[in-house]
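Student: sequence-free structure coming up:
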């Protein structure tokens with residue numbers, strides 16, 4: 001054996017090992033998706049989101065073994081539409097192509113997990129498990145066979161080196177349809193009596209730090225996502241370069257765009273932009289040069305901001321993490337860009353004889369290089385056809401799946417479950433952050449949100465305790481009263497608005513913890529019963545003089561009443577004196593600037 005032959009063998013073995021290392025990097029991206037989605041949503045749903053990202057891979061593995069792998073990797077049938085499943089995965093353990101199986105499995109799991117982010121915080125866990133299984137069982141394997149299994153799109157020369165169409169467009173269109181059929185989170189949009197949206201409310205994620213960690217993990221894993229299928233060192237270096245330049249340019253573009261648009265650079269949008277650039281370069285990472293990668297990044301950086309804004313403010317589609325903008329919009333753009341900007345200076349692989357294969361010029365580079373413009377337009381046309389076919393296939397199937405789930409077991413969690421958080425209602429987990437104080441939620445869920453139904457007297461729902469009073473009225477001095485209200489966090493906005501409606505212009509809000517006689521149903525963690533714990537409440541303090549304390553109490557009772565145990569308590573105290581620090585005024589004079597002074 002000659003030295004060259006030895007080098008070829010070593011090189012082949014090295015890239016076979018790199019192929020599996022790349023698969024491991026793609027698997028690690030599950031952690032990135034979990035962190036992004038968790039950080040961009042509220043803490044009360046963190047455990048649920050972690051559970052979904054765990055189970056979509058585990059469930060996906062099971063169904064991919066049973067059927068998905070056969071549909072994707074099996075011998076062509078029906079004109080390249082689908083692969084023919086075999087029992088080889090069970091009966092031919094020694095000679096089965098396990099490298100290809102594992103590699104395609106981790107990509108399949110990626111397509112399924114994209115949907116989770118757009119439907120976060122209000123989807124039933126069982127419903128998520130079902131539609132995630134369907135994606136990995138049928139939806140992804142069949143269209144992936146078209147692209148990578150020797151199917152009809154591969155035969156046409158469709159360019160999708162690592163999955164802008166086959167993975168991200170699939171997850172993105174499923175996410176869009178799911179978010180539309182599911183509806184927005186409670187409190188996301190304020191509506192008038194006719195149901196018209198009058199205000200879009202920002203629901204901030206609880207940890208931008210976790211979101212950033214997730215983005216860095218995804219970027220790191222993307223080198224395996226795009227580069228694992230490289231067949232020589234030169235091609236691998238080119239892929240790493242384009243995979244670095246596109247997201248970097250996209251992030252810089254979004255930085256400038258949001259800085260100009262909002263007067264300040266937007267942190268979360270810049271994180272989304274990095275992912276958008278990665279999605280955009282995924283299809284053409286082996287077909288584009290640095291100029292092409294730069295163009296992809298610029299468009300991706302603008303596109304992600306525009307799509308997020310249009311979905312939220314124009315169409316009122318609630319996507320908590322920007323999954324539709326990142327994966328669907330930029331999946332389409334990346335697929336089209338792979339054909340539009342394809343250049344013959346890029347290496348796409350090695351043929352069966354070991355010869356380097358170069359990309360075909362798209363229409364842009366056909367003009368620059370003087371090659372066939374008609375051939376370049378054919379390349380672009382195939383890209384358009386492939387993207388349309390994949391989106392149509394996924395859209396029709398997933399719309400049907402979501403519709404069936406919605407009409408049978410239900411797609412959406414109940415209002416009470418959503419308000420309490422899916423951690424406690426779906427998994428019996430009081431908090432994913434047991435040692436940290438939860439944040440107060442400032443959302444008005446609307447008057448139509450009812451915690452429970454039933455005839456419960458108001459006096460039983462909200463107990464009023466009036467402390468013994470001491471007559472301190474001297475002459476013409478007015479009685480000063482402190483009203484202390486302890487209630488549920490979610491009722492704060494309604495209470496605040498009601499109090500301001502009767503002339504209360506100042507109040508102090510404190511986050512407190514407490515529990516009453518009603519401990520609630522026992523919960524368990526890893527099979528061990530969790531002892532009753534203190535529950536988060538808010539305490540609102542108001543000091544009144546001109547506004548009657550009885551009016552404050554009655555207003556608070558009406559605003560807080562649901563008939564549910566734990567509606568709250570109101571305490572009324574006489575105030576001995578009030579001193580205004582700035583002027584030294586005392587008593588009623590200290591409150592004369594406003595009808596109620598902040599305590």
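Tutor: Alright, I've got the coordinates. From a predicted model like this one, the values you see are computed outputs, not experimental measurements.

Student: Checking my notes, residue 343 in a helix, right?
Tutor: No - per DSSP: H, G, I helix; E, B strand; the rest coil, residue 343 lies outside any helix segment and is coil.

Student: Three-state assignment for the nearest residue to it once chain neighbours are set aside, please.
Tutor: Once flanking residues are discounted, residue 343 sits nearest to residue 365: 4.4 Å by Cβ to Cβ, 6 or more residues apart in numbering. Heads up, the C-betas are built off the backbone N, CA and C, glycines and all. Taking three-state DSSP as the rule, one finds residue 365 in the helix state.

Student: any idea how far residue 365 is from residue 561?
Tutor: 69 Å (Cβ to Cβ, to the nearest Å).

Student: Which one's more surrounded, those two?
Tutor: A count of neighbours by other Cβ atoms under 10 Å puts residue 365 above the other of residue 365 and residue 561, at 26 against 17.

Student: just checking, the more buried one touches residue 342?
Tutor: Yes - with contact defined as Cβ atoms under 8 Å, residue 365 reaches residue 342; the gap is 6.7 Å.

Student: which residues do these two both contact?
Tutor: Residues touching both residue 365 and residue 342 (Cβ atoms under 8 Å, 6 or more residues apart in numbering) are residue 376.

Student: middle-most residue in the protein, spatially?
Tutor: Note on the chain: the residue nearest the mean C-alpha position is residue 117, at 2.7 Å, using Cα atoms, centre = their mean.

Student: so that residue is in which element?
Tutor: Per DSSP states H and E, residue 117 falls inside helix 98-118.

Student: helices or strands next to that helix in the packing?
Tutor: Packing contacts for helix 98-118, counted by 3 or more Cβ pairs under 8 Å, 6 or more residues apart in numbering; DSSP states H and E, involve helix 3-39, helix 46-63, helix 69-73, helix 125-134, helix 140-148, helix 170-182, helix 323.

Student: Turn the ones you listed into a markdown table, columns for mean pLDDT and mean neighbour count.
Tutor: Compiled in a markdown table, those are given as follows (pLDDT from 0 to 100; neighbours: other Cβ atoms under 10 Å):
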| stretch | mean pLDDT | mean neighbour count |
| --- | --- | --- |
| helix 3-39 | 82 | 17 |
| helix 46-63 | 95 | 21 |
| helix 69-73 | 91 | 24 |
| helix 125-134 | 96 | 19 |
| helix 140-148 | 95 | 26 |
| helix 170-182 | 96 | 26 |
| helix 323 | 96 | 31 |
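
Student: Now tabulate these in a markdown table and tack on distance to residue 360.
Tutor: As requested, the helices and strands packed on helix 98-118 are exported to a markdown table (distance: least, Cβ to Cβ, whole Å):
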| stretch | distance to residue 360 |
| --- | --- |
| helix 3-39 | 23 |
| helix 46-63 | 34 |
| helix 69-73 | 26 |
| helix 125-134 | 36 |
| helix 140-148 | 17 |
| helix 170-182 | 25 |
| helix 323 | 32 |
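
Student: about what we covered before: averaged pLDDT, the helix holding residue 117. What do you get?
Tutor: For helix 98-118, mean pLDDT is 92.

Student: Run the chain-centre distance for it.
Tutor: Averaging C-alpha positions (Cα atoms, centre = their mean, to the nearest Å) puts helix 98-118 17 Å from its chain's average.

Student: Buried residues in that helix, which are they?
Tutor: Neighbour-count burial for helix 98-118 flags 100-118 (criterion: 16 or more other Cβ atoms under 10 Å).

Student: if we can go back for a sec, of all the helices and strands packed on helix 98-118, which one is nearest residue 547?
Tutor: helix 46-63 (40.9 Å; Cβ to Cβ).

Student: Report all helices and strands that that closest one contacts.
Tutor: With contacts defined as 3+ Cβ pairs under 8 Å, 6+ apart, the packing partners of helix 46-63 are helix 3-39, helix 98-118, helix 125-134, helix 422-427.

Student: can you redo those as JSON lines with distance to residue 389?
Tutor: Output for the helices and strands packed on helix 46-63, formatted as JSON lines (distance: least, Cβ to Cβ, whole Å):
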{"stretch": "helix 3-39", "distance to residue 389": "24"}
{"stretch": "helix 98-118", "distance to residue 389": "16"}
{"stretch": "helix 125-134", "distance to residue 389": "19"}
{"stretch": "helix 422-427", "distance to residue 389": "35"}
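
Student: Of all those helices, which one is nearest residue 501?
Tutor: Distance to residue 501, taken as Cβ to Cβ, is lowest for helix 422-427 among those, at 32.2 Å.

Student: Give me the residues contacting the closest one.
Tutor: Outside helix 422-427, the residues touching it (Cβ under 8 Å, 6+ apart) are 44-48, 51, 121-122, 124-125, 413, 416-417, 429-432, 523.

Student: swap the cut-off to 6 Å and go again
Tutor: Residues outside helix 422-427 that contact it (Cβ atoms under 6 Å, 6 or more residues apart in numbering) are 44-45, 47-48, 125, 417, 429-430, 432.

Student: Check the offset of that helix from the chain's centre.
Tutor: Chain-centre distance of helix 422-427: 18 Å, with Cα atoms, centre = their mean.

Student: likewise stretch 110-125?
Tutor: With Cα atoms, centre = their mean, you get 7 Å for stretch 110-125.

Student: got the end-to-end distance for that stretch?
Tutor: Using Cα to Cα, to the nearest Å, the end-to-end distance of stretch 110-125 comes out at 18 Å.

Student: Run through this structure and note the low-pLDDT ranges.
Tutor: By pLDDT under 70, the low-scoring segments of the chain are 1-12, 349-355, 437-478, 515-534, 592-599.

Student: can you do 50?
Tutor: Within the chain, the stretches with pLDDT under 50 are 450-456, 458-460, 462, 464, 466-476, 525-528, 594-599.

Student: got the residue ranges for the strands in it?
Tutor: When secondary structure is read from DSSP state E, the chain shows strands at 75-77, 82-84, 189-191, 197-200, 347-350, 356-358, 463-466, 481-487, 508-514, 523-525, 528-530, 535-544, 568-574, 596-597.

Student: can you map out the helices along the stretch 251-400 of the chain?
Tutor: 267-282, 290-309, 323, 330-340, 363-369, 373-407 (DSSP state H, counting those that start in this stretch).

Student: So which elements touch the fifth one?
Tutor: What that stands for is helix 363-369. With contacts taken as 3 or more Cβ pairs under 6 Å, 6 or more residues apart in numbering; DSSP states H and E, helix 363-369 sits against helix 373-407.

Student: Which strands and helices lie in contact with the helix it packs on?
Tutor: If you count contacts as 3+ Cβ pairs under 6 Å, 6+ apart, helix 373-407 packs onto helix 125-134, helix 170-182, helix 330-340, helix 363-369.

Student: Quick one: these as a markdown table, columns for distance to residue 278 too.
Tutor: Formatted as a markdown table, the helices and strands packed on helix 373-407 follow (distance: least, Cβ to Cβ, whole Å):
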| stretch | distance to residue 278 |
| --- | --- |
| helix 125-134 | 22 |
| helix 170-182 | 13 |
| helix 330-340 | 9 |
| helix 363-369 | 22 |
